[in-house]
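>>> Here is the input, now give the coordinates:
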Amino acid sequence: HTLSLASFFLFRRYLYERIDGRVRGNLRQAAIDRFSKPDSDRFVFLLCTRAGGLGINLTAADTCIIFDSDWNPQNDLQAQARCHRIGQSKAVKVYRLITRNSYEREMFDKASLKLGLDKAVLQS
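Residues are numbered from 1 along each chain as shown. The predicted structure follows:
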């Protein structure tokens, strides 16, 4: 999925940043810094939810699009939280792309149920 999006952005000549499992250390922070600059010409940040890790701050982003939902709904919540950080001054919109009548939809429904169970256990 990420490769298809990257190819599309290259085709359209959109500048973007990307963090996946192959991007390490200082290169990760450099990508975040380039994206976060007030005058940045990059308006897309491709981030694989599991590769992002904890502590990434993307308050320059005001839109989160989840196109590859995880079986563990906590990973998707963590991806959304990268935009919802202290310092975020804009309303954050979250979109989830799901194909109707698909395995992906079934996975999303089960993950949502699991998230509801997690909430119930934590609140009791």
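
>>> Pick out the residue closest to the middle of this structure.
residue 79 (4.3 Å; Cα atoms, centre = their mean).

>>> give me every residue that touches it.
Counting by Cβ atoms under 8 Å, 6 or more residues apart in numbering, residue 79 touches 47, 49, 52, 64, 66. To be clear about C-beta, it is placed using only N, CA and C from the backbone, and glycine gets the same treatment.

>>> Which members of the residues you listed are positioned in strands?
47, 64, 66 (DSSP state E).

>>> Quickly name whichever of those is closest to residue 40.
Of all these, residue 40 sits closest to residue 47, with 15.4 Å by Cβ to Cβ.

>>> which residue sits closest to that closest one in space, ignoring its chain neighbours?
Counting by Cβ to Cβ, 6 or more residues apart in numbering, residue 47 lies nearest to residue 19, which is 5.2 Å off, once chain neighbours are set aside.

>>> Tally up the residues packed near that neighbour, please.
A total of 23 residues lie near residue 19 under the criterion other Cβ atoms under 10 Å.
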